[in-house]
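# structure for the following, please:
(one chain, ligands or ions: 1)
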Amino acid sequence: MATTLFLAIGCLCCALLSNGIGAELEASQSRSFTTSRAQPYRTSYHFQSPRNWLNDPNGLMYYKGVYHLFYQYNPHSALFGDGIVWAHSVSYDLVNWVHLNHALEPSKPFDIISCWSGSATILPGNRPVILYTGIDANYSQVQNLAIPKNESDPFLQEWVKFSLNPIIVPPKGIEPDNFRDPTTAWQGPDGKWRIIVGSWKNDKGMAILYQSDDFFHWSKSEQPLFTSSKTGMWECPDFFPVSTESTNGVDTSILNASTKHVMKASFNSHDYYVLGTYKLELERFLPDDDLAGSSMDLRLDYGKYYASKSFFDSAKNRRLLFGWVNESDSTEDDIAKGWSGLQAFPREIWLDRSGKQLIQRPVEEIKTLRDKNVGVKSLGLDGGSTYEVSDITASQVDVEVAFELPRLEEAEPMDPNWIDPQILCSEKNASVSGKYGPFGLLALATEDLREQTAIFFRVFRGQNRYVVLMCSDQSRSSLRNEVDKTTYGAFLDIDPQVEKISLRTLVRLSAILWPLAVALSSDDYF
Ligand SMILES: OC[C@H]1O[C@@](CO)(OC[C@H]2O[C@H](O[C@]3(CO)O[C@H](CO)[C@@H](O)[C@@H]3O)[C@H](O)[C@@H](O)[C@@H]2O)[C@@H](O)[C@@H]1O
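From the prediction side, this is the model:
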């Protein structure tokens, strides 16, 4: 399939916009080493297992010079089912991965059905441990501990399950199938270790807090660390500090005047988070804003991205984030391909200067994949026009584009009823013209433009400020009917009068990721 990359301004079928928009673009074609004629949709940016089903990233850590990625994997099928194991891969650079033997497989009464998600903690003395959810013979979710067989092996190839597992069982009043996915532990100044476990009770999603002096014996805190009455079951919670003073990451146990905390939970198919203050003395997390359980909540990503997990990378003093992308294919497609799911390219994550949201970008190691660069400077784009980025194969490309808008006074007024960005992006899709927008990128476009994925912006005039809407319109991503073509969207916290609207997009035939679409000129930061 010939695919092309376009910069596009105005509605895609007609020319309506008269104001010129300035654009700058850098596109890098990337090396591809996992695709073949038989498997054209495999990706090199993102992590994939050689075959079969994968879901959540687990147990992430940096240990003795090696990055470890464990993940939920079904060795028997391209679909989810019983018998889930912890698959294990290692890397020196977060780009090239080596697949090792499974770290944890169902084998004991406390995990005989499946080894579900969990996290790693590196204990003092550089001693890694894993906490994970086992599905026992009664399909109860219990929490288990595993330790490396040989700590001197930097690849941590073999793991031993603790003889006294399970170490935590569903507490009274919690349904045994609503109790899973323990986090990385953090240690308070009192020496106690703490973890949270995702749960749901009486219509409340929650992070149940446990404490331990020795990591083996855990007791439940009287109250959860945090609950939210408007969410579903909390899967894969993540709780970590971010620095208010720099973009550096901090260890999960750090708690001081220069940190804020992030509470992230996966529910309703998305990864939501809130920022707030961790009051260790109260054993409570106090959010700046409550979760509304709606598309108004902050998300780690506005596309297909779930069950993410972060960890502190001590090698480069940064916090890294992995997340599962479950793609759009049907079950039949997955069976035919023989695989399903990928881990999105790792991202660095930090707190925005405003203190109100997180910022992400792909880790710098992605540059090692760059092959051929194409740059366009000071490009004037008129309404209704498209600019084809030539000399580049658009099937695997890393694009950075910045848009400069000249006269915003004429922007359309923002209707106060437009509160849901995803609905707004669907209603005002890429073929609906406006004054400032749609403008953006047409990726994976066929020459006749019948198939294309539009990643675009609109700017509206709000009461006191301009409002920037960002959309990923997948309604024309495929001519096939049976694939998911959801349109995603988000409002961006930027002022287009003073900042260029910048967009970073990783395009790969089967996936477009723009988490990094946080439209700040990140140059200001580095
Ligand atoms: O509660 C057991 C019962 O629920 C089902 C159906 O809802 O699956 C539960 C969730 O399983 C997956 O959850 C996660 C998050 O992705 O993946 C891990 C398992 O591989 C688990 O530890 C995580 O919570 C799935 O992605 C979610 O959508 C499901 O809700 C059913 O399959 C189970 O028998």
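# could you use CA atoms for every contact and neighbour count after this?
Will do.
# how many residues are close by residue 333?
15 (other Cα atoms under 10 Å).
# what's the pLDDT at it?
pLDDT recorded at residue 333 is 87.
# how much space separates it from residue 79?
Distance, residue 333 to residue 79, using Cα to Cα, to the nearest Å: 11 Å.
# before we move on, what about residue 139?
To residue 79, residue 139 is 19 Å away according to Cα to Cα.
# quick one: the strands in the stretch 251-400 of the chain?
Per DSSP state E, counting those that start in this stretch, the stretch 251-400 of the chain carries strands over the ranges 259-267, 270-279, 284-287, 298-299, 306-313, 318-325, 339-340, 342-343, 347-351, 358-362, 370-381, 386-388, 396-404.
# the ones you listed: which one's closest to the ligand?
strand 306-313 (5.3 Å; Cα to the nearest ligand atom).
# and residue 139 and residue 79? Which one has more around it.
For the pair residue 139 and residue 79, the greater number of neighbours falls to residue 79 (21 against 15), based on other Cα under 10 Å.
# and stretch 209-216, how far apart are its ends?
With Cα to Cα, one end of stretch 209-216 sits 15 Å from the other.
# so which residues on the stretch 401-526 of the chain come close to the ligand?
Within reach of the ligand by Cα under 6 Å from any ligand atom, the stretch 401-526 of the chain has no residues at all.
# in the stretch 401-526 of the chain, which spans are strands?
Going by DSSP E, counting those that start in this stretch, the stretch 401-526 of the chain shows strands at 412-413, 439-445, 453-461, 466-473, 488-492, 501-508, 511-513.
# ranking those strands by burial, who's on top?
Compared across the strands of the stretch 401-526 of the chain, strand 439-445 shows the largest average neighbour count, a mean of 27 (mean count of other Cα atoms under 10 Å).
# just name whatever secondary elements that one is in contact with.
strand 4-9, strand 453-461 (3 or more Cα pairs under 8 Å, 6 or more residues apart in numbering; DSSP states H and E).
# worst mean pLDDT among the ones you listed?
strand 4-9 (a mean of 54).
# what is the burial count for residue 136?
Other residues near residue 136 number 19, with proximity taken as other Cα under 10 Å.
# and the closest residue to residue 229 other than its chain neighbours, how close does it get to the ligand?
Nearest residue to residue 229 in three dimensions, chain neighbours excluded: residue 204, at 4.2 Å (Cα to Cα, 6 or more residues apart in numbering). Distance of residue 204 to the ligand, computed by Cα to the nearest ligand atom, to the nearest Å: 15 Å.
# please look at residue 204 and residue 198 and confirm they touch.
No - applying Cα atoms under 8 Å as the test, residue 204 and residue 198 come out as separate, 11.0 Å apart.
# neighbour count for those two, which is higher?
Taking neighbours as other Cα under 10 Å, residue 204 and residue 198 compare with residue 198 leading, 24 against 17.
# so what's the more buried one bridging to?
As for beta bridges, residue 198 partners with residue 180, residue 207 under DSSP bridges.
# cool, residue 454 as well?
Going by DSSP bridges, residue 454 forms beta bridges with residue 442, residue 473.
# Throw the strands of the stretch 401-526 of the chain into JSON lines and include distance to residue 63, thanks.
Shown next, in JSON lines, are the strands of the stretch 401-526 of the chain (distance: least, Cα to Cα, whole Å):
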{"stretch": "strand 412-413", "distance to residue 63": "53"}
{"stretch": "strand 439-445", "distance to residue 63": "38"}
{"stretch": "strand 453-461", "distance to residue 63": "38"}
{"stretch": "strand 466-473", "distance to residue 63": "37"}
{"stretch": "strand 488-492", "distance to residue 63": "36"}
{"stretch": "strand 501-508", "distance to residue 63": "28"}
{"stretch": "strand 511-513", "distance to residue 63": "28"}
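# nearest residue to the residue in the stretch 201-350 of the chain that the ligand sits nearest to other than its sequence neighbours?
Nearest residue of the stretch 201-350 of the chain to the ligand: residue 235, at 4.4 Å (Cα to the nearest ligand atom). Among residues not flanking residue 235 along the chain, residue 266 sits closest, at 4.9 Å (Cα to Cα, 6+ apart).
# can you report how many residues neighbour the one you found?
Residues lying near residue 266 (other Cα under 10 Å) number 25.
# list the contacts for it?
234-237, 272, 306-308 (Cα atoms under 8 Å, 6 or more residues apart in numbering).
# quick one, domains of this structure?
As assigned by the TED database, the chain contains the domains 12-33+372-512, 52-340.
# comparing the ones you listed by mean pLDDT, which bottoms out?
Mean pLDDT is lowest for domain 12-33+372-512 among these, at a mean of 76.
# what residues are up against the residue lying closest to residue 24 once chain neighbours are set aside?
In this structure, residue 24 finds its nearest non-sequential neighbour in residue 377, 4.6 Å apart by Cα to Cα, 6+ apart. By Cα under 8 Å, 6+ apart, the contact set of residue 377 is 23-25.
# of all those residues, which comes closest to residue 419?
residue 23 (28.5 Å; Cα to Cα).
# tell me what that closest one is bridged to.
Residue 23 forms beta bridges with residue 379, residue 403, as assigned by DSSP bridges.
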